[in-house]
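Asker: Provide a 3D model corresponding to the input given below.
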Amino acid sequence: MKVKDRLSLQFTFMFAVLLLMVLTGIYLFVEHNRVKDFFNKLDDRAVTVAQFYLAEDNLSKESFKTVLKKFPQSLSNETIRIYNEHFKPQFVHEGTVRWDLNTLKDVVSQKQVHLSQDNQQITGIYYADNSGNFIIMVSAIDINGYHDMHNLGLIMFFVFLASLIITYFMGSVFSRIALLPIVRITNNLKRIRASSLDLRLPVAQKKTDEIDGLSLTINQLLEHLEQSFESQKSFIANASHELRTPITTILGEAEITLMQNRDGEVYRSVLTNIIKETERLSYIINSLMELIQTNVENSDFQNIRMDELLWEIKDDLSDRAAKSRINLTFNLPNEPSKVTLPGNRQLLFIGISNIIKNALKFSDNKEVDCEIFCDAMGINILIRDKGIGIDQKDLTKIFQPFYRSANALYYPGYGIGLSLTNNIIRLHNGKIEIKSTLNKGSEFHVTFPDYS
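Answerer: From the prediction side, this is the model:
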């Protein structure tokens with residue numbers, strides 16, 4: 001069943017329950033008033049009967065004339081009985097209609113009694129007269145009232161059915177209108193393919209309702225997909241280029257050398273070039289493998305003291321290059337848990353050391369300041385250098401695999417390190433922020449959440 005049909009039925013069902021409750025309430029209210037009004041008529045009729053038979057000597061001539069006019073105006077299927085205080089019938093013969101003693105005693109004790117029996121309504125009053133006390137019993141059938149209630153019930157039934165039909169069609173129109181934005185989103189999404197991921201869903205400027213929120217979320221998803229596709233395309237193109245270069249060099253050197261006999265020095269030079277390009281190729285392949293590894297969720301996590309990890313990175317870089325000048329600053333709380341992070345030690349070592357190595361490389365081994373501190377955001381690592389800096393237009397691209405800024409082309413590298421670092425930081429739920437000025441230096445701010 002389609003959503004619009006389900007909404008129409010649900011809307012109709014809720015309206016049917018509400019309308020049924022309202023109509024039932026109206027019917028019961030009218031029925032209550034009918035019974036109450038007819039009992040009032042029976043009470044008035046009982047008083048008229050009592051006055052007709054018993055009060056001629058107590059009423060004025062004009063009042064008794066009024067009684068004489070009203071007395072013949074009997075009710076439908078009316079039955080009148082008069083009893084004295086000893087429960088003996090008076091004036092009117094009982095016939096087949098007789099009232100039991102308990103009912104007559106109730107009238108004496110309560111002075112007025114209302115009863116319903118089958119479709120009859122009965123009233124009994126205790127009438128005090130100068131000639132004695134009497135019990136007046138009057139019963140009748142409210143034929144007109146029952147007829148009106150029957151007609152009212154039929155009218156309500158057909159109104160109920162007609163209202164349900166109208167409500168269903170109105171619900172269909174309403175649900176179609178309500179779901180129209182969803183249909184538009186669906187139709188727009190059908191136009192988006194892998195080759196047209198740049199297309200976006202229209203979003204209102206004010207973004208006032210849930211539909212705009214849904215469209216905005218889908219647009220964000222499309223943006224991530226587009227970036228992912230672009231990254232893959234760029235990765236494949238650049239990886240192919242970077243891998244092709246050393247392979248072409250190796251093949252070229254080997255083919256040229258084998259074209260004719262050469263002396264040992266030439267062979268030694270060629271083999272040296274082949275080894276160099278092979279090492280370059282091995283480095284690229286290893287970097288690509290590390291890059292792929294960071295794109296897969298890693299469950300091999302352990303608790304890592306980030307201050308200790310920074311010391312290890314500094315010691316490793318100092319051993320590799322004696323000129324490395326790294327100034328470490330620690331502003332940490334006394335609680336070790338505040339500076340402890342669950343993660344993959346090897347990957348974190350690679351990720352942070354890549355940033356520090358870049359800082360050393362692009363600042364020509366000038367001093368690099370590295371500070372670690374904790375705040376409400378979590379564990380913070382600041383790495384500052386005084387190197388060549390990064391152009392503002394390149395800040396959003398430097399995390400792409402194999403991307404290199406124009407001013408970085410004169411330095412050795414393949415553009416994989418920062419992409420690898422970004423994946424590692426994201427794998428550990430962290431983030432990287434960069435501030436940089438050309439020819440003045442850069443600041444990398446790495447933040448990890450507080451797990452304490």
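Asker: Quick one: classify the residue lying closest to residue 412 once chain neighbours are set aside as helix, strand or coil.
Answerer: Leaving out its chain neighbours, the residue that sits closest to residue 412 by Cβ to Cβ, 6 or more residues apart in numbering is residue 361, at 7.7 Å. Placement of C-beta: from N, CA and C, glycine included. Classification of residue 361 using DSSP: H, G, I helix; E, B strand; the rest coil returns helix.
Asker: Tell me how far residue 361 lies from residue 150.
Answerer: Separation of residue 361 from residue 150 (Cβ to Cβ, to the nearest Å): 99 Å.
Asker: Specify which residue of those two has the higher count of neighbours.
Answerer: Taking neighbours as other Cβ atoms under 10 Å, residue 361 and residue 150 compare with residue 361 leading, 18 against 10.
Asker: unless I'm mixing things up, that one is touching residue 410, no?
Answerer: No. At 11.1 Å, residue 361 does not count as touching residue 410 under the criterion of Cβ atoms under 8 Å.
Asker: Looking at this protein, name the residue that lies furthest from the middle.
Answerer: Centroid-distance maximum for the chain: residue 57 at 84.1 Å, with Cα atoms, centre = their mean.
Asker: Now do the same for it: its pLDDT.
Answerer: Looking at residue 57, its pLDDT is 73.
Asker: Ok, the one 10 residues further on next?
Answerer: Model confidence at residue 67, given as pLDDT, is 77.
Asker: Make sure it is actually in contact with residue 59.
Answerer: Yes. At 6.9 Å, residue 67 counts as touching residue 59 under the criterion of Cβ under 8 Å.
Asker: Between the two, which contacts overlap?
Answerer: Each of residue 51 lies in contact with both residue 67 and residue 59 under the rule Cβ atoms under 8 Å, 6 or more residues apart in numbering.
Asker: more crowded one of the two?
Answerer: Between residue 67 and residue 59, counted using other Cβ under 10 Å, the more crowded position is residue 67 (18 against 14).
Asker: Can you pull the phi and psi angles for the more buried one?
Answerer: phi -60, psi -40 (degrees, to the nearest 10).
Asker: measure it to residue 444 for me?
Answerer: 110 Å.
Asker: repeat for residue 381
Answerer: Noted for residue 381: a distance of 8 Å to residue 444, by Cβ to Cβ.
Asker: cool, and residue 330?
Answerer: From residue 330 to residue 444 the distance is 17 Å (Cβ to Cβ).
Asker: More neighbours: which of those two?
Answerer: Neighbours were tallied for residue 330 and for residue 444 using other Cβ under 10 Å; the higher tally belongs to residue 444 (22 against 12).
Asker: neighbours of residue 412, just the number please.
Answerer: Other residues near residue 412 come to 7 when the count uses other Cβ under 10 Å.
Asker: Alright, that wraps it up for me.
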